[in-house]
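Asks: fold the stuff below for me.
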Amino acid sequence: MQRKHLRHFINSNWTSGTEVDWVQIELPGGGEPKSQLPIGGLIEINEAVAAAKAALPAWQSLSVVERCSYLDKVADLLDEQFVSPSERTDLKKLITREVGKVFAEADIEVMESVDMFRYMVQVAESEITDEILELDETIWPSKKSKHQWEPLGVVALIKAWNYPLELIVWSIGPALVAGNTVILKPSEHSSETASFLVGLFELAGFPPGVVNMVLGDGTTGAVLARHPGVNVVSFTGSVPVGLEIASHCASRLCKYNLELSGNDAAIVLADADVELATNGLVWGAFCNAGQVCVRPKRVFVHRSIAQEFIKSAVEKTAQLRLGVDIGPLISGKQMDSVKDFVADAITNGAELLHGGSQNLSLDGNFYIPTILSDVPETSRIMTEECFGPVMPINVFDTIDEAVIKSNSSNYGLGASVWSSNLSLAESVARKLEVGMVWINDINVAFPQAAWGGTKQSGVGFELSQHAIRQYCRPKHISLELTTEAKRDWWFPYSESQGG
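Replies: This is a model prediction of the structure:
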């Protein structure tokens, strides 16, 4: 099969650019060849920045309602790619082929992406409307003040591959309705899905230069993040790259929003429903082949139910079907990383209860869902982020012990608490040093709820009505209502006010 050549999208033109280098990425599921994409460089990024800057005044001058009408059209077009949970649309099949998601997970991603666009349209006007400030009238009887919310300018979106549609949607929606223009740099592993989405913006009639896309690898993203014409960088990815972006942005006082790695803990209390907890955590640990930033990567179970929990978790994991329930890892490099994590844990004393190896009988990067127990706290899998289908399980005796172990990580993205006592679970949730906590569930995103972490898991957040204001700045407008030629506090001061 001939490889499809993808193209950049700059100023409403699809172009291969001027660079001669092309990158070829393996398909995670093996088989058919994957698309080629051009590696964008400074020339393409300069063109995209120029287009975004030129489009900014007209886009900003539109009312919020007018901007939202464009986004609503994209949501309609995207909804046509959902139809129903059983409909195998072109977009769902593309996501499955390109990044290895099983169909059910691609289906959910399209559905959630439509919901996110709809929500941003719904709340945009109320979030960006002028905010009248309540001044103390006894001090300022003749003044009125307000905040106007203005766009920040050109927004660079540099996004990961594991949720190839959703990660773009939850950033591009608020950025656009706030009046910014956008340059998207998707992962080289998911550029075809990103191109499909950008094509919907084209079909919706977005003005030239408002939405641009430059394809490429990490070098392309680095050039974009450092470009002096970019006013905001929104990045989803690893801590080392996030720190590099933060450093470059700080050097030129450019705003940044980072969603980085996680090593999320799950705490299963003594009174937890074991059937519920194992159902939820087996799904949470292994969905998307474990390539999820907020999956439960460290599971702590109360000693009194540990044996029952482990037995149930192993039985449920053994029933999972590769290619139906569990998709392939994104690349051979990711496979090697997972193997190294598991080998390190076992070498340091962890017990392998299930899995622990690649399935070589299937085409593609399939790793057997793996459960480890008695994992040393110093092993890499307990201190770093393992992006693959591995569930380490350790026991605890007291809630305080579980909280201390959970908070020992340098990361603070999400966590979950499992208990039949919701009040107790919520009290534990308050003690966890993370940005998000699920009680009796795991890894669900709502457009109404902020998504972000603490510590090395990032800066800023996505989603919720407040995300729109992350792509705005407040401008204070102060009105003086009298026509007096002099204010009381102007020169000359009275003698009693003098020094």
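Asks: helices along the chain, start to end?
Replies: Along the chain, the segments classed as helices by DSSP state H run 42-61, 64-79, 90-99, 103-128, 166-177, 191-203, 218-226, 239-251, 274-286, 303-318, 332-347, 380-383, 399-407, 422-431.
Asks: count the residues that sit near the closest residue to residue 264 other than its chain neighbours.
Replies: With Cβ to Cβ, 6 or more residues apart in numbering as the criterion, residue 264 has its nearest non-adjacent residue at 4.8 Å, and that residue is residue 414. C-beta here means a position set from N, CA and C on the backbone, and glycine is covered the same way. The number of residues packed around residue 414, counting by other Cβ atoms under 10 Å, is 28.
Asks: then residue 271?
Replies: Quick note: residue 271 (other Cβ under 10 Å) scores 14 neighbours.
Asks: give me the pLDDT value at residue 84.
Replies: Note on residue 84: pLDDT of 88.
Asks: next, the contact list for the residue nearest to residue 264, please.
Replies: Taking Cβ atoms under 8 Å, 6 or more residues apart in numbering as the criterion, residue 414 is in contact with 262, 264, 293-294, 434-438, 443, 453.
Asks: so what's it bridging to?
Replies: residue 436 (DSSP bridges).
Asks: residue 372 versus that one, what's the distance?
Replies: 21 Å (Cβ to Cβ, to the nearest Å).
Asks: one more: residue 351?
Replies: Relative to residue 372, and taking Cβ to Cβ, residue 351 is found at 7 Å.
Asks: higher neighbour count, the two?
Replies: The residue with more neighbours, out of residue 351 and residue 372, is residue 372; 25 against 13, by other Cβ under 10 Å.
Asks: surely that one meets residue 342?
Replies: Yes: at 7.2 Å, residue 372 and residue 342 qualify as touching, with contact defined as Cβ atoms under 8 Å.
Asks: if we can go back for a sec, pick out the most distant pair among the contacts of residue 414.
Replies: Pairwise distances across the contacts of residue 414 peak at 14.8 Å for 293 and 437 (criterion: Cβ to Cβ).
Asks: who's in contact with the residue nearest to residue 124 when sequence neighbours are not counted?
Replies: Counting by Cβ to Cβ, 6+ apart, the nearest residue to residue 124 once its immediate chain neighbours are dropped is residue 177, at 4.0 Å. Counting by Cβ under 8 Å, 6+ apart, residue 177 makes contact with 64, 67-68, 71, 120-121, 124, 128, 468.
Asks: what is the nearest of those to residue 156?
Replies: residue 468 (17.6 Å).
Asks: that closest one contacts residue 122, doesn't it?
Replies: No: with contacts counted by Cβ under 8 Å, residue 468 stays clear of residue 122, the gap being 11.1 Å.
Asks: these two: which is more packed in?
Replies: Taking neighbours as other Cβ under 10 Å, residue 468 and residue 122 compare with residue 468 leading, 23 against 14.
Asks: ok, the more buried one - contacts?
Replies: Per Cβ under 8 Å, 6+ apart, neighbours of residue 468: 120, 123-124, 127-128, 174, 177-178.
Asks: between those residues, which has the most around it?
Replies: residue 174 (31 neighbours).
Asks: and it, how far is that from residue 432?
Replies: From residue 174 to residue 432 the distance is 27 Å (Cβ to Cβ).
Asks: residue nearest the middle of the protein, spatially speaking?
Replies: residue 167 (4.7 Å; Cα atoms, centre = their mean).
Asks: what's the pLDDT at the closest residue to it other than its chain neighbours?
Replies: Excluding its sequence neighbours, the residue lying closest to residue 167 (Cβ to Cβ, 6+ apart) is residue 159, at 4.5 Å. Per-residue pLDDT puts residue 159 at 97.
Asks: mind pulling up the phi and psi values for residue 159?
Replies: Main-chain dihedrals, residue 159, degrees, to the nearest 10: phi -120, psi 150.
Asks: that older thread, tell me how far the residue nearest to residue 124 lies from residue 159.
Replies: 18 Å.
Asks: ok, residue 484 next?
Replies: From residue 484 across to residue 159, the span is 55 Å (Cβ to Cβ).
Asks: what about those two, which has more around it?
Replies: residue 159 (27 against 8).
Asks: how much space separates the more buried one from residue 406?
Replies: 28 Å.
Asks: which residues touch the residue nearest to residue 167?
Replies: Residue 159 touches 167-168, 171, 184-187, 194, 235-237, counting by Cβ under 8 Å, 6+ apart.
Asks: and residue 193, by the same measure?
Replies: 91, 94-95, 98-99, 164-165, 186.
Asks: between the contacts of residue 177, which sits nearest residue 495?
Replies: Out of these, the member with the shortest distance to residue 495 (by Cβ to Cβ) is residue 128, at 48.7 Å.
Asks: pLDDT score for the nearest residue to that closest one once chain neighbours are set aside?
Replies: Take residue 128 and drop its neighbours on the chain: the residue closest to it by Cβ to Cβ, 6+ apart is residue 149, 4.6 Å away. With respect to pLDDT, residue 149 scores 94.
Asks: ok, the one 5 residues further on next?
Replies: On the pLDDT scale, residue 154 is placed at 98.
Asks: could you report the neighbour count for the closest residue to it other than its chain neighbours?
Replies: Using Cβ to Cβ, 6+ apart and skipping the chain neighbours, the partner closest in space to residue 154 is residue 52 (4.5 Å). If you count neighbours by other Cβ under 10 Å, residue 52 ends up with 27.
Asks: give me the domain ranges for this protein.
Replies: If you go by automatic domain parsing, the domain ranges for the chain are 8-260+457-476, 265-439.
Asks: can you add distance to residue 496 and give these back as a markdown table?
Replies: Formatted as a markdown table, the domains of the chain follow (distance: least, Cβ to Cβ, whole Å):
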| stretch | distance to residue 496 |
| --- | --- |
| domain 8-260+457-476 | 19 |
| domain 265-439 | 54 |
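Asks: measure residue 336 to residue 455 for me?
Replies: For residue 336, the distance to residue 455 - Cβ to Cβ - is 27 Å.
Asks: neighbour count for those two, which is higher?
Replies: More crowded of residue 336 and residue 455, by other Cβ under 10 Å: residue 455, with 17 against 13.
Asks: and that one, what are its bridge partners?
Replies: Beta-bridge partners of residue 455, as defined by DSSP bridges: residue 411.
Asks: residue 400 versus that one, what's the distance?
Replies: 20 Å.
Asks: next one: residue 345
Replies: 25 Å.
Asks: and for residue 468?
Replies: 39 Å.
Asks: now do residue 212
Replies: 51 Å.
Asks: more neighbours: which of those two?
Replies: Remark: of residue 212 and residue 400, residue 212 carries more neighbours, 30 against 11, as counted by other Cβ under 10 Å.
Asks: quick one: contacts for the residue nearest to the more buried one when sequence neighbours are not counted?
Replies: Using Cβ to Cβ, 6+ apart and skipping the chain neighbours, the partner closest in space to residue 212 is residue 48 (4.2 Å). Applying Cβ under 8 Å, 6+ apart to residue 48 gives the contacts 8, 10-11, 183, 212-214.
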